[in-house]
Every structure is written in C-alpha cells, then in structure tokens.
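Asker: please find the sequence and the predicted model below.
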Amino acid sequence: MEQRAFLAVVLMAAVLILYQTFMLPQESPKPAEQQQAAKSQADKEQVAKAPSQTPPAPDTAKTPLTPAPAEARAPQRISRVSTPLYDAAVSSEGGKLQEYLLRYRGEKPMVSVGEFGPTGLVIASPGSPSGQVVPMQPSAETLKVGAGQAPQELVLTGVHEGLRVGEVLSFRPDAYTVDARVRIENTTPTAQAITVAMPWTTRQSWREAKEKFQGQHPTEIVWSAGDGVGRAEDLCHVETVSAPGAWIGMGSVWYMGALIPRTEGFTLVARGEDKACDSKSKDPVGRATIAVQATPTIAPGQAWEGHVTIFLGPKEYDLLKAFGLESAINFGGFPVPRRWGGLPMEWVGVPILLLMNWVYGHVGNYGVAIILLTVVSKVLFYPLTVKSMRSMKAMQALQPQINALRNKYKSDPQRLQRETMDLYRQHKVNPMGGCLPMLAQVPIFYALYLALSVSVELQNATFFCFGRVPKWVPLLGGQDLWICDLANYDPTYVLPILMGVTMFVQQKMTPVAGDPRQAKMMLIMPFIFTFMFLNLPSGLVLYWTVSNILQILQQWYMERPKARASREARETSRA
C-alpha cells in the first residue's frame, strides 16, 4: 500500500473511533448562600465512636439498590453547604446530595434530581428485596466552609426499626469530596442482620432528555477490579457487578462521581435494567445503578461503623491520583495484534498530559502549551521524518524503471516481483523505508490525540479570545471570537479550514512514489479531514494544524538543496 494512504487510513480510523461529541453546558441556578447556624452538640454525641463489629461477607443477592416507596413521613429538610469548590444541598432523606453545583471553569450542575445522583443511605432487613431510605434530622440548615478553614461537619440522626442511625458528612474547602461516616447502633434485644447501601443512579438513556444536562452526563460505569479496572461503557447493557474493590464510579469523559470505601466489609455493586434502552417511549426508561454496600450483623447494644468518601468533580489526573482514581481516565489502547498483549496508551498518554500541564504552568495558556508540545514531538521525530522522506524520494526516482518493468512483465506477476526486488537491491532502496518511520510515530501522535481528548483542563481554556460577535451579525451573531474554549469547536470554523489548507499543501509537497491517479485521489483527503474536524474540540484541531505546518517547514527545509541545484543548473544553461 502507498505509504501516505496507509498512514491517512490509520489516522482517520483513530479520529472516527475516538471522537466523542460533547454538548454545550447549560447554566443552572446557584444555591443561595445563607448564614451558618450552630451545630447541635447533642446530635454529634449520638454518633460518637463506639466498639464496632467486623461484618461478615456481603449477601449480594439482597442488595437494596432500589429503595422501596417511602411511607408517609415528615417533609424533608434541606441543609445548604457552601465551599470554595462547590455548593451542595443535603437532604434529610438519607443524607443524599439533593444538589451539587461544581465551581470548575464555570459553574456546572453535577446532580440532577430524577436524572443523576445519590439516593441516600438505604437500610434493608433480611429477606427484603428493597430497602428504605432512612429519614434523618440534620444538625444545621446552613454550613459555610471558607478557604483555609478546617473541614466542617453536618450531623444527621435517625431511627430505623429499632436501630439508631447516625451519619456525619464532612466537607473540606480544598477537595471535591464529601466524607460520609455512618454509625448504626442496635438498641433491640436481638441481633440484627441488615444490608446497608449507598446507591447512586442515573437514567440509562439520555437520548430523549428534554434538557441538555452537560454538567455531568454519565456515559460509563468504572470500578477497581483487582489490579486493573473494569468498565461498562454502554449504560444500556450494564452487566451485574458484585465484588470487593477499592472504588466504583459513574461518569463521563471529563467528570466523575465515585464511591470510595474507607473501611473493610464493603462490596462494589453495579446493575442495569436489561434492554432498558430498547423502548421507543420518550419517557425515561430504566436506570443504571452503582453502590457500595455492607451486610453487618449487629449484636444487641453494639454498633457498626462504615466510612465512605464521595468524590464528585473533574477528572484531572492529579486530583484523581490523590484518591487512587487515576485509572478512571480512559486513554484506550493502541490496536496492535492481541498476541502481543496490546499497548496501554496511558504509558505515553499520562506523561504527555503531565507535560502539557507542566508547560501550561510556565506559559499560562493551554493553546501555547499545545503548540510547544507539538513542536517538541516534531523535533524528537525529525530523524525519522528525514529517513522517510529520503526513502520516498528514492522510490520516486525509481518509478520510471518500475513502470517499465510493469509493462514488460505484466503477464508474469512472479517475474515482475523478482525483477522489482532486484531493482530495489541494486539501488539499495527499502520499499518500506518511507512507511515504517512514519508508522513508528503514530502511537505518539495517537497518544497526543487521546491526551487532548480527555483533558478536562481544556474546558473554557482560551487561546486567542477577542470577545463575542455582535448578535446582529448573520450566522455568527453571539459566537465567541476567536477561540475562547479549547474543549469546544471553533464557532468561526477558521481553524479547521486552516487545517485543511495546510494538509493540502503538505500533500502537494510530499513526493509521489505510486500511481499518479492515486496521488490525485490523495488530494481529496484534506477536504474529508476538514469536514471531520469542523466540530472537533479546538485544542485537537490546533494540534493537528500546527503539526501540518511543521511538516511543511520540514519538507521545505529538506527540499532546499534540490531547489538550489536546480536553480544553479538553470543559470549554467543560460550562461
């Protein structure tokens, strides 16, 4: 196969497989900040530490992931929590997060009632197919955690069938986490075998959603699985998971909600409703659920304690690594033969991602960081590029002789192959010399592509942002000018068009070593790529455009001796 055609097919396949369409985030009303109320010390004493009993192995067959309909009870109370990183609303129904407004490169709702979020603390008795969300009384109506302050706690207390239930939610000013400490005391004269769960649910199909809820639009379930990570990337067909592990989460490319057990005895659970997305109904059909659960048996007068950390924030590599969640970022794998074991792209994707963030720390602009990163990659691979270009030029020089052999032995393919190989050996030309050096670069370029695809840091990151086009301007009215969000497409389409132009120039400059008709067909590729890149994130298009420009400069630099010799020959002939 002609070298450039092979590379183009590989790159185009990578783009088609890896690209994911992101919807624009919608604004959500921000919870009002209120004055902090005094916490009840008496409530806090009710959940003071007491001897705990190690729970036996969980009975996963009776997991109360779907709470039963609540009986008549007092109206729920909402406690407002404000921190520098997020605003939250905690419900008295199981201490669930009723609202969670993330402050990260803008304000983003991370919990949507009825769409995505926790259901609160659920307790089920033996033999019960479903559990009950425990109604509780919060210790305060407002809680404000200022920058630099110590973590503050919201205490919730309740009673469930003779069990005294307490939950302490701890909020930090410097982390996208909520620490939940649960204590269940048995006040009955008999031992109680119960199942305790903290479920997290989402609708399985978002295609019929009336609201474009992009703050957190879950597309996969991911969990720790021994030494690796398990994934369910199709919420419509989630297989049941029930196993011990370090964490389980539900999220999208850029954001994640995760449950991290901190005490022993918890099991990770994931479930989905079979064929939930096959319905043609416009109403939400089916839910996917994750949970951490435990099944302790509590002796009379004894108590069980559990500690779970809830992470709800952006998928920045350093933030996730602090909680052991870095494997949640899906870099994918490079498609090499299965017998070779594959090539986990995080091996090269993570260093590239960290390098980009390091460069950003010095230049203060992610667009400039992408350009510098592309320059570094081109410099590193310059020797391979030179070798590839020289091989392609040698093949181009032999093309007339190869065509003559084709005409001479067109009825004898085997003889044609032998004569062609003899010609290559005679002139010391490797027919794969122009292809192999280029293929050696593909994993790195592929990793660059992936690193930019999963970089939440690019969201709302500007490159050259000149403001907005006046609304009265046709077509572009109200659009950002020029690139005000590297994670979004270029609204003016200037960058993808520039990318197509540079790709066309590069194609014209590349030596042709095959059929001239095939070379003309290759000139169509820039138009195809331009169309494909119109709605890609600007950061990716910027990388590809700069890479094309650098390739053009490299080819021009290598063509200088030939151009000089040609000019001197013309001057000599004139003299």
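Answerer: Ah, there it is.

Asker: just the strands in the stretch 401-550 of the chain please.
Answerer: Under the criterion DSSP state E, counting those that start in this stretch, the stretch 401-550 of the chain contains strands at 465-468, 480-482.

Asker: tell me the helices and strands packed up against the longest one.
Answerer: Meaning strand 465-468. strand 480-482 (3 or more CB pairs under 8 Å, 6 or more residues apart in numbering; DSSP states H and E). Every C-beta, even on glycine, is put in place using the N, C-alpha and C of the backbone.

Asker: so for the strand it packs on, mean pLDDT?
Answerer: Here strand 480-482 scores 75 as its mean pLDDT.

Asker: what does it rub up against?
Answerer: With contact meaning CB atoms under 8 Å, 6 or more residues apart in numbering, strand 480-482 is reached by F463, F464, C465, F466, G467, R468, V469, D490, P491, T492, V494.

Asker: let me have the residues you listed in JSON lines, extended by distance to Q204 and neighbour count.
Answerer: Formatted as JSON lines, the contacts of strand 480-482 follow (distance: CB to CB, whole Å; neighbours: other CB atoms under 10 Å):
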{"residue": "F463", "distance to Q204": "37", "neighbour count": "21"}
{"residue": "F464", "distance to Q204": "41", "neighbour count": "10"}
{"residue": "C465", "distance to Q204": "38", "neighbour count": "14"}
{"residue": "F466", "distance to Q204": "42", "neighbour count": "11"}
{"residue": "G467", "distance to Q204": "41", "neighbour count": "9"}
{"residue": "R468", "distance to Q204": "37", "neighbour count": "15"}
{"residue": "V469", "distance to Q204": "39", "neighbour count": "18"}
{"residue": "D490", "distance to Q204": "33", "neighbour count": "27"}
{"residue": "P491", "distance to Q204": "32", "neighbour count": "19"}
{"residue": "T492", "distance to Q204": "37", "neighbour count": "16"}
{"residue": "V494", "distance to Q204": "39", "neighbour count": "13"}
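
Asker: and which of these is nearest to Q76?
Answerer: The shortest approach to Q76 among these belongs to R468, at 41.6 Å (CB to CB).

Asker: bridging residues for that closest one?
Answerer: Beta-bridge pairing for R468 (DSSP bridges): D480.

Asker: hmm, it is touching Q479, no?
Answerer: Yes. Using CB atoms under 8 Å, R468 is in contact with Q479, at 6.7 Å.

Asker: what's the burial count for K321?
Answerer: Other residues lying near K321 total 13 when counted by other CB atoms under 10 Å.

Asker: can you give me the pLDDT of it?
Answerer: K321 is assigned 93 on the pLDDT scale.

Asker: ok, P561 next?
Answerer: 70.

Asker: and it, how many neighbours does it have?
Answerer: Around P561 there are 9 other residues, counting by other CB under 10 Å.

Asker: what helix or strand is it on?
Answerer: helix 538-574 (DSSP states H and E).

Asker: what packs against that helix?
Answerer: Taking 3+ CB pairs under 8 Å, 6+ apart as the contact cut, helix 538-574 packs with helix 366-380, helix 382-397, helix 436-453, helix 494-509, helix 525-533.

Asker: redo these as JSON lines? Include distance to A175.
Answerer: Formatted as JSON lines, the helices and strands packed on helix 538-574 follow (distance: least, CB to CB, whole Å):
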{"stretch": "helix 366-380", "distance to A175": "23"}
{"stretch": "helix 382-397", "distance to A175": "43"}
{"stretch": "helix 436-453", "distance to A175": "24"}
{"stretch": "helix 494-509", "distance to A175": "36"}
{"stretch": "helix 525-533", "distance to A175": "37"}
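
Asker: before I go, just wanted to say thanks for your time.
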